[in-house]
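> The following block contains a protein sequence and its predicted model.
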Amino acid sequence: MICVIGGAGYIGSHCVKRLLERGYEVVTLDNLEAGHRAAVVGGEFVQGDYTDRQTLDTLFTSYPIECVMHFAAYASVAESMTDPAKFYRLNVVGGYTLLEAMRAHHIPYLIFSSSAATYGEPCQIPIPEDHPQEPTNAYGETKRAFEQMLRWYDVAFGLRSISLRYFNAAGADPEGQLGEDHHPETHLIPLVLLTALGKRPVIKIFGTDYDTPDGTAIRDYIHVTDLADAHILAYEALKRGAPTSAYNLGNGLGYSVREVIRTAEEVVGRSIPQEEAPRRAGDPARLVASADRAKHELGWQPQYADLRTIIETAWRWHSTHPDGYGDRT
Ligand code: UFG
């Protein structure tokens with residue numbers, strides 16, 4: 001059985017759905033602080049805090065868990081700069097509690113949601129896994145810290161893990177059942193589409209003076225269902241004996257903010273109000289993955305690679321769920 005911590009969140013919920021489709025038994029643990037109960041489409045559900053050892057002990061005693069997929073974390077880069085303590089508490093101290101509970105209950109495998117934010121300002125594009133990890137924000141630092149813990153937990157205790165460094169997770173369940181619903185929303189694609197729906201007045205373009213062809217920042221958008229598939233492949237690799245390691249997950253294609261808005265306009269069939277704004281602090285000009293290792297070693301092949309498809313799936317979700325899951329005021 002697989003335990004998905006943070007399985008009611010954006011990426012976790014898509015992973016739960018995919019695991020169930022593949023016939024895996026799943027138990028989700030989520031405290032619903034940011035997650036949505038309606039996003040957990042099946043399997044067992046336990047509401048609770050993964051930072052609480054008692055909760056983990058009860059969970060790990062109640063279910064025959066072989067692998068933990070760990071999605072639960074604070075992820076707002078901006079907030080991590082004003083309240084790093086909050087991020088260390090959940091992402092690192094919580095992670096330590098989880099690893100100790102896994103050790104105590106002899107759970108052998110963990111798949112961890114890491115981030116391109118662990119690299120910081122890239123000195124090479126596309127970014128390979130052995131690029132220096134020098135985060136420029138506290139969020140990325142907490143992800144790096146937990147990756148390091150995982151390394152040493154394998155060396156000393158034999159707990160094997162794969163860290164998956166996501167680039168820009170985007171899109172929504174192609175069947176329209178799940179999608180992105182953050183409060184507050186900070187990500188580009190949902191904000192662009194909510195603007196198209198008239199739920200927001202205008203999309204601000206943060207920075208038009210980057211050293212890029214159109215002056216706006218470039219990112220590697222990767223479909224959330226493709227991310228989910230990579231988790232399953234990573235788990236299967238661990239079962240076959242793969243060593244503890246880390247993989248980038250991206251398409252290897254960079255799109256600028258203006259290209260994203262333009263593609264969204266094509267998808268929705270109308271123009272979207274936009275305005276130029278200053279750069280957002282801490283944003284690198286370009287983040288593009290080299291995901292060759294995940295393709296070669298895990299057999300990962302993104303199915304929804306092109307930006308238009310990614311935005312189409314997101315649009316299907318937002319246009320049918322303009323208030324998301326409808327469980328927040
Ligand atoms: N952007 C805008 N206007 C907006 C929102 C975003 O122009 O209203 C721009 C940003 O400045 C950036 C790009 O759109 O250049 C993408 O921004 P997102 O906030 O969607 O994503 P980020 O690249 O900042 O961050 C994402 C994840 C982080 C992770 C980071 C690096 O959200 O958790 O990738 O992996 F740390």
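Perfect, I can see it now. Predicted model, so just to flag it, every value in this text is computed and none were measured.

> Can you pull up the residues of the chain that come close to the ligand?
75, 77, 115-117, 139, 167-168, 186-188, 191, 203-206, 217, 219, 257, 280, 283 (CB under 6 Å from any ligand atom). In this view, the C-beta of every residue, glycine as well, is placed from N, C-alpha and C.

> switch the cut-off to 8 Å
Residues of the chain lying close to the ligand (CB under 8 Å from any ligand atom) are 75-77, 115-117, 137, 139-140, 143, 165-170, 186-189, 191-192, 203-207, 216-219, 257, 260, 277, 279-280, 283, 287.

> For PyMOL, what selects the buried ones among the residues you listed?
The following PyMOL line selects those of the residues of the chain next to the ligand that are buried, judged by 16 or more other CB atoms under 10 Å:
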select buried, resi 75+76+77+115+116+117+137+139+140+143+165+166+167+168+169+170+187+188+189+191+192+203+204+205+206+207+216+217+218+219+257+260+283+287
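
> pLDDT value on the residue lying closest to Gln124 once chain neighbours are set aside, please?
Using CB to CB, 6 or more residues apart in numbering and skipping the chain neighbours, the partner closest in space to Gln124 is His131 (5.9 Å). The per-residue pLDDT reported for His131 equals 98.

> Regarding His131, what is its secondary structure?
coil (DSSP: H, G, I helix; E, B strand; the rest coil).

> Thought Ile125 was touching it, still the case?
No: contact criterion CB atoms under 8 Å: His131 and Ile125 do not qualify, at 9.6 Å.

> where's stretch 186-200 relative to the chain centroid, distance-wise?
Averaging C-alpha positions (CA atoms, centre = their mean, to the nearest Å) puts stretch 186-200 19 Å from its chain's average.

> same deal with stretch 47-55?
21 Å.

> which ones are touching the residue nearest to Gln124?
Contacts for His131 (CB atoms under 8 Å, 6 or more residues apart in numbering) come out as Tyr119, Pro122, Cys123, Gln124.

> give me that answer again for 10 Å
The contact partners of His131, by CB atoms under 10 Å, 6 or more residues apart in numbering, come to Ala116, Thr118, Tyr119, Gly120, Pro122, Cys123, Gln124, Ile125, Arg165, Asn248, Ser290.

> Model confidence score at the third one, please.
Spelled out, that is Tyr119. pLDDT, Tyr119: 97.

> surely it meets Glu147?
No: using CB atoms under 10 Å, Tyr119 is not in contact with Glu147, being 11.5 Å away.

> who has more neighbours, the two?
Using other CB atoms under 10 Å, the more surrounded residue of Tyr119 and Glu147 is Tyr119, with 25 against 20.

> Quick check: closest non-adjacent residue to Glu25.
Met1 (4.4 Å).

> tally of neighbours for that neighbour?
If we define neighbours as other CB under 10 Å, then Met1 has 13 of them.

> same check, this time on the one 3 residues further on
When neighbours are counted by other CB under 10 Å, Val4 registers 29.

> Tell me the one of the contacts of His131 nearest the ligand?
Of all the contacts of His131, Ala116 has the smallest distance to the ligand: 3.4 Å, by CB to the nearest ligand atom.

> returning to that earlier point: which among the contacts of His131 count as buried?
By 16+ other CB under 10 Å, those give Ala116, Thr118, Tyr119, Gly120, Pro122, Ile125, Arg165, Asn248, Ser290 as buried.

> Show me those residues that map onto strands.
Residues of these located in strands (DSSP state E): Arg165, Asn248.

> wait, which of the buried ones among the contacts of His131 is closest to Glu66?
Using CB to CB, Arg165 comes nearest to Glu66 of the buried ones among the contacts of His131, at 23.5 Å.

> can you give me the strands in this structure?
Here the chain has its strands, by DSSP E, at 2-5, 26-30, 44-47, 67-70, 109-115, 160-166, 168-170, 203-206, 218-219, 221-223, 245-249, 255-256, 274-277, 286-287.

> Pretty sure Ala285 sits against Gly207.
Yes: if you go by CB under 10 Å, Ala285 and Gly207 touch, sitting 8.3 Å apart.

> For those two, list the residues in contact with both.
Gly215, Thr216, Ala217, Arg279.

> Contacts only, for the residue nearest to Glu25.
Tyr24, Glu25, Val26, Val27, Gly43, Glu44, Tyr63, Pro64, Ile65, Glu66, Cys67 are the contacts of Met1 under CB under 10 Å, 6+ apart.

> Serialize the residues you listed to CSV and add fields for neighbour count, distance to Val224 and pLDDT.
What follows is the contacts of Met1, written out as CSV (neighbours: other CB atoms under 10 Å; distance: CB to CB, whole Å; pLDDT from 0 to 100):
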residue, neighbour count, distance to Val224, pLDDT
Tyr24, 17, 18, 98
Glu25, 14, 22, 98
Val26, 24, 17, 98
Val27, 21, 21, 98
Gly43, 19, 18, 98
Glu44, 16, 22, 98
Tyr63, 17, 25, 98
Pro64, 10, 28, 98
Ile65, 21, 24, 98
Glu66, 17, 24, 98
Cys67, 24, 20, 98
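
> partners of Ser114 in the sheet?
Arg165 (DSSP bridges).

> Having no further points to raise, I will conclude here.
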